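[1] no sequence on hand, only this structure:
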């Protein structure tokens, strides 16, 4: 019971000291008559930048040595079995 009483007494002292310090700081600011105003600056509108055109990773025509003509070769095995559908 004594412990509960002493804890409540300590809590009362702490609350009183906090309220006294709070009201004294209010009294000091009201005596100075200093007005402060807060101006919120608007955020600037971001300017969109154009997306650059991506360059291809590999371009086979760039500095490539290409043949001037194509050679198509058919290799066949003589006498194979027929595969696929018959052409009619």
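    That came through, no problem. What you see is a predicted model; the values in this text were computed from it and never measured.
[2] so where do the helices sit in this structure?
    For the chain, helices defined by DSSP state H occupy the ranges 2-32.
[3] per-residue confidence for the residue sitting furthest away from the middle of it?
    The outermost residue of the chain relative to its centre, with distances by Cα atoms, centre = their mean, is residue 79 at 67.1 Å. pLDDT recorded at residue 79 is 79.
[4] what of residue 35?
    We have a pLDDT of 62 for residue 35.
[5] below-threshold pLDDT in the chain: ranges please.
    Residues of the chain meeting the criterion pLDDT under 70: 23-37, 56, 87-88.
[6] which residue is nearest the middle of it?
    residue 46 (16.2 Å).
[7] for that residue, give its distance to residue 53.
    As defined by Cβ to Cβ, to the nearest Å, residue 46 lies at a distance of 22 Å from residue 53. Where you see a C-beta, it was placed from the backbone N, CA and C, and this is true even at glycine.
[8] ok, residue 21 next?
    With distances taken as Cβ to Cβ, residue 21 is found 65 Å from residue 53.
[9] so for those two, which residue has more residues nearby?
    Each of residue 21 and residue 53 has its neighbours counted (other Cβ atoms under 10 Å); residue 21 has more, 10 against 5.
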